[in-house]
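Asks: fold the following for me, if possible:
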Amino acid sequence: MEKYAVFVPKLVTKRENFAPGHRACTGCGEALAVRLACKALGQNVIIVSATGCMEIVSSPLPYTSWRVPWIHTLFENTGAVASGIEAGLKVIVRKGKRPAKEVKVVVMAGDGGTSDIGLQALSGALERGHDFLYVCLDNEAYMNTGIQRSSATPFGASTTTAPAGKMSIGQVTWKKNMPAIAAAHDIPYVATACPSYPFDLMAKVAKGAAIHGPAYVHILSVCPVGWRSAPDLTIRIGRLAVETGIFPLYEMENGKYKLSIDLPQLRPVQDYLKLQGRFRHLSEETIKEIQYRVNKEYAKLMEKVA
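Replies: Residues are numbered from 1 along each chain as shown. Model prediction:
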């Protein structure tokens with residue numbers, strides 16, 4: 001039986017703090033993830049957004065989809081900007097210039113702005129213990145600039161900078177485990193989420209925002225354009241990522257791991273891979289290699305949960 005994080009549907013606000021009318025692609029899992037996250041965060045929030053798909057589609061001058069305070073910053077310094085805002089709010093309260101009202105600082109960045117270009121600033125912010133929530137919107141490549149590979153691109157995926165061909169299977173390195181890297185900083189809360197499981201996602205974002213200290217939530221965001229999948233399959237593909245063990249949903253709270261969805265048996269990875277054009281070139285041998293790796297990594301996670 002599947003087990004979900006507790007989030008009461010009737011308490012979900014109807015207000016859209018990430019307003020419709022943005023220019024995200026049809027079937028964009030990332031736009032859905034942001035919409036759900038903003039519902040969980042409420043309005044007492046300042047969002048720092050790295051350059052990327054969501055920054056581009058949500059803020060075409062003179063319009064914006066953000067109905068909360070929002071700052072666009074560069075790929076590499078969202079962690080530093082969030083640290084400065086959080087520290088500045090504390091100083092203003094300490095000097096009596098504003099009441100001690102709880103305002104949460106939240107970062108939203110893609111996998112490139114998190115696991116690649118922004119990793120140094122993020123690591124520093126986590127190490128210093130700033131009170132903020134970092135949300136990684138992981139669509140597994142630099143989609144906004146042309147589907148270039150990132151360190152979050154999965155093994156075997158074809159991208160414009162790691163194309164499949166006669167001499168290559170595409171991406172030849174395994175996906176960087178950013179949640180584990182965040183957890184290695186001994187922060188209070190780390191979680192994985194996917195908009196295919198909306199209440200679980202909102203519960204984790206709300207919990208991460210409420211926890212005192214750094215929190216990190218890593219959200220798998222299906223990209224029909226970059227993954228070469230049908231737009232109407234976004235939710236299904238996200239669920240298959242979880243059901244195959246390719247992207248397990250779990251929480252790490254104060255060093256203790258807990259599965260959000262405990263599956264009695266994993267589905268074969270082929271069920272997930274076959275719906276995406278970026279994997280259509282893979283041989284049976286390579287798929288078996290991916291299956292072996294997924295089983296191995298899932299077993300390592302289960303050891304932490306036990």
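Asks: residue contacts, the residue nearest to residue 232 when sequence neighbours are not counted?
Replies: Nearest residue to residue 232 in three dimensions, chain neighbours excluded: residue 27, at 6.5 Å (C-beta to C-beta, 6 or more residues apart in numbering). In short, each C-beta sits where N, CA and C put it, glycine included. Residue 27 sits next to 222, 224, 229, 230, 231, 232, 233, 234 when contact means C-beta atoms under 8 Å, 6 or more residues apart in numbering.
Asks: please, where are all the helices along the stretch 1-150 of the chain?
Replies: 29-41, 53-58, 78-94, 111, 119-128 (DSSP state H, counting those that start in this stretch).
Asks: packing partners of the third one?
Replies: Contacting helix 78-94 under the criterion 3 or more C-beta pairs under 8 Å, 6 or more residues apart in numbering; DSSP states H and E are the following elements: strand 45-50, strand 70-73, strand 104-110, helix 119-128, strand 132-138.
Asks: name the helices or strands packed onto the fourth one?
Replies: With contacts defined as 3+ C-beta pairs under 8 Å, 6+ apart, the packing partners of helix 119-128 are helix 78-94, strand 132-138, helix 178-183.
Asks: now with 6 Å, please.
Replies: Contacts defined by 3 or more C-beta pairs under 6 Å, 6 or more residues apart in numbering; DSSP states H and E place helix 119-128 against helix 78-94.
Asks: now the helix it packs on against strand 45-50, angle please.
Replies: 150 degrees (axes from the mean of the first three to the mean of the last three C-alpha atoms, to 10 degrees).
Asks: buried set for helix 78-94?
Replies: 78, 79, 80, 81, 82, 83, 85, 86, 89 (16 or more other C-beta atoms under 10 Å).
Asks: what average pLDDT does that helix get?
Replies: Helix 78-94 comes out with an average pLDDT of 96.
Asks: where do the strands sit along the stretch 101-250 of the chain?
Replies: Using DSSP state E, counting those that start in this stretch, the strands of the stretch 101-250 of the chain run over 104-110, 132-138, 164-165, 168-169, 189-193, 215-220, 250-253.
Asks: of all these, which one comes closest to residue 201?
Replies: Of all the strands of the stretch 101-250 of the chain, it is strand 189-193 that lies closest to residue 201, at 4.1 Å by C-beta to C-beta.
Asks: and for the closest one, what are the contacting residues?
Replies: Contact partners of strand 189-193, identified using C-beta atoms under 6 Å, 6 or more residues apart in numbering, comprise 179, 182-183, 201, 204, 208, 211, 215-219, 249-253.
Asks: circling back: can I get the strands of the stretch 101-250 of the chain in TSV with mean pLDDT and distance to residue 96?
Replies: As requested, those are exported to TSV (pLDDT from 0 to 100; distance: least, C-beta to C-beta, whole Å):
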stretch	mean pLDDT	distance to residue 96
strand 104-110	98	20
strand 132-138	98	23
strand 164-165	96	61
strand 168-169	94	61
strand 189-193	98	31
strand 215-220	98	28
strand 250-253	98	34
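Asks: of all those, which lies closest to residue 240?
Replies: Closest of the strands of the stretch 101-250 of the chain to residue 240 is strand 215-220, at 10.8 Å (criterion: C-beta to C-beta).
Asks: now do that closest one: which elements does it pack against?
Replies: strand 132-138, helix 178-183, strand 189-193, helix 198-210.
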